[in-house]
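> Here is a sequence together with a model predicted from it:
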Amino acid sequence: MASLLNCSPSRVSAGCPVIVQLKGNIMYRLCIAILLLASVGFPHAEEKVAGPSVQITPQLRERISIEPVESLQLSDTLRLPGRVALDEHRVARIGPSISGRVVDIRAFVGRDVKKGEVLAMLNSTELSNAQASYLKAKTQVGLMRLTVERARRLFNEGIISEVTLREREAGLAEAEVELRALADQLGIMGMSEQAIQKLTDTGQINSMTPVTATLTGTVIERKISVGTIAEISDELFTVADLSRVWVAAEAPEQDAHVVQVGSRVEAIIPALPRQHYVGKIVFIADTVKPETRTVTMRMEVENPQRAIKPEMLADLVINRRTEQALSVPARAVLREGDRDHVFVELAKDRFELRPVSLDADRYGRRRVWAGLKEGDRIVVEGAFHLNNVRNLKELE
């Protein structure tokens, strides 16, 4: 075998002694294969495959920034997407107390109104008929009183019996009950006590009835125009007090237990980036929505300047605990395959793409679970460009 190994490929054709002996049998081809492999060479077991690192140029270095991995105070925060909603305790949906035709509108969307202020005027034949019935009942009561007074004189003179007197008095009582019922009906139809008294004193029928605000606030919706017929079931105006609003959010059912009614939370509204609003949870639903598997919760926020508008997008932020932990900026993380990676500086202008285990993004930072240690220098800005260079070199 030693003489076989000493035969180089160049000596095969010249006639190696061993080859000559094997020539003509099946071992000849095997020897040729062994000699060819010996000429190519075997890979050394101690050689290591190069890792995913890259050497950068001075031009590329100007486009990246490097920061050390630090241990910071991190909050375990629950951030729930939501929106701004009206405080339903401060909303009035106003409709007419009687059917009628709209003849005048005095309040428009965006106007501030006070409780009791007239928003619109209706002309109602139903109201005029009710007033006529009231006046008839009032006249009837007057006649019945005269009848009772006459019956009392006749009874005192012995002309009529006590039974007859009591019948006259019962008739008066019934007429008075009917008059009071008609007066209450006028009040339900929207007439004030002063208006009813004026009707009683003057006897003049007025078919105009006002639609008044039942809450001090801002008109945020109007659904009528002049000439339309308004029914009792219609909502003509919506008035809201916007000095306090809700931020409503949906919490996943597995996280709903961390919040209690009365808990202080924070609201972040993207449309108002310089403002953070602190309030308390005023409502947590007792049931889970089967479609989304979430629980509705609401936060109460003071809005004295009315900068917060209903239907604005908002995030409800709930801080659960704070602890010291390693973290990296979220913008430094690259997603390769199904894992997160960061570029770690190995030496001057040389970087390694290292897989890491990270937590979810919280306020632009991600907690480090594995893959990095404190003091490691990582690429924060320009990791994308650096990864393009690495991919190009791998292709080459």
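That came through fine. This structure is a prediction, so every number in the text was calculated from the model and none was measured. Numbering: from 1, shown residues only.

> Could you use CA atoms for every contact and neighbour count after this?
Fine.

> which residues of this structure fall in helices?
Along the chain, counting by DSSP state H, helices occupy 2-5, 9-12, 17-22, 27-40, 58-61, 125-156, 162-188, 193-202, 383-395.

> now these in TSV, with distance to residue 266?
Listed next are the helices of the chain as TSV, based on distance: least, Cα to Cα, whole Å:
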stretch	distance to residue 266
helix 2-5	80
helix 9-12	81
helix 17-22	88
helix 27-40	70
helix 58-61	40
helix 125-156	52
helix 162-188	45
helix 193-202	48
helix 383-395	33
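
> could I get these as TSV with mean neighbour count and distance to residue 67?
What follows is these, written out as TSV (neighbours: other Cα atoms under 10 Å; distance: least, Cα to Cα, whole Å):
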stretch	mean neighbour count	distance to residue 67
helix 2-5	11	57
helix 9-12	13	57
helix 17-22	15	66
helix 27-40	13	46
helix 58-61	11	13
helix 125-156	17	79
helix 162-188	17	74
helix 193-202	13	77
helix 383-395	15	12
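
> Save the ones you listed as a markdown table, and put in mean pLDDT and distance to residue 97 too.
Formatted as a markdown table, the helices of the chain follow (pLDDT from 0 to 100; distance: least, Cα to Cα, whole Å):
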| stretch | mean pLDDT | distance to residue 97 |
| --- | --- | --- |
| helix 2-5 | 40 | 114 |
| helix 9-12 | 41 | 112 |
| helix 17-22 | 40 | 119 |
| helix 27-40 | 43 | 102 |
| helix 58-61 | 76 | 76 |
| helix 125-156 | 92 | 10 |
| helix 162-188 | 92 | 7 |
| helix 193-202 | 90 | 15 |
| helix 383-395 | 74 | 67 |
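
> Please name whichever of those is nearest to residue 282.
Nearest to residue 282, of all the helices of the chain, is helix 162-188, at 34.6 Å by Cα to Cα.

> pretty sure residue 289 contacts residue 252?
No: assessed by Cα atoms under 8 Å, residue 289 is found out of contact with residue 252, at 9.8 Å.

> okay, and the common contacts of the two?
Residues touching both residue 289 and residue 252 by Cα atoms under 8 Å, 6 or more residues apart in numbering: residue 295.

> May I see the buried residues of stretch 96-105?
In terms of neighbour count (16 or more other Cα atoms under 10 Å), stretch 96-105 has its buried residues at 96-102, 105.

> quick one: residue 259 and residue 81, what's the gap?
15 Å (Cα to Cα, to the nearest Å).

> Can you name the residues bridging to the residue minimising distance to the centre of the chain?
Note on the chain: the residue nearest the mean C-alpha position is residue 82, at 1.2 Å, using Cα atoms, centre = their mean. Beta-bridge partners recorded for residue 82 (DSSP bridges): residue 249, residue 314.

> quick one: contacts for it?
Residue 82 neighbours (Cα under 8 Å, 6+ apart): 247-250, 313-316.

> With neighbour count and distance to residue 121 as added columns, please give those in a markdown table.
Formatted as a markdown table, the contacts of residue 82 follow (neighbours: other Cα atoms under 10 Å; distance: Cα to Cα, whole Å):
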| residue | neighbour count | distance to residue 121 |
| --- | --- | --- |
| 247 | 29 | 36 |
| 248 | 26 | 36 |
| 249 | 23 | 40 |
| 250 | 22 | 42 |
| 313 | 17 | 37 |
| 314 | 20 | 39 |
| 315 | 20 | 42 |
| 316 | 25 | 43 |
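
> got CSV for those residues, with pLDDT and distance to residue 124 too?
Shown next, in CSV, are those (pLDDT from 0 to 100; distance: Cα to Cα, whole Å):
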residue, pLDDT, distance to residue 124
247, 94, 41
248, 94, 41
249, 93, 44
250, 91, 46
313, 94, 43
314, 93, 45
315, 90, 48
316, 89, 49
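
> can you list those in TSV and add distance to residue 294?
Shown next, in TSV, are those (distance: Cα to Cα, whole Å):
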residue	distance to residue 294
247	16
248	12
249	9
250	6
313	18
314	17
315	15
316	14
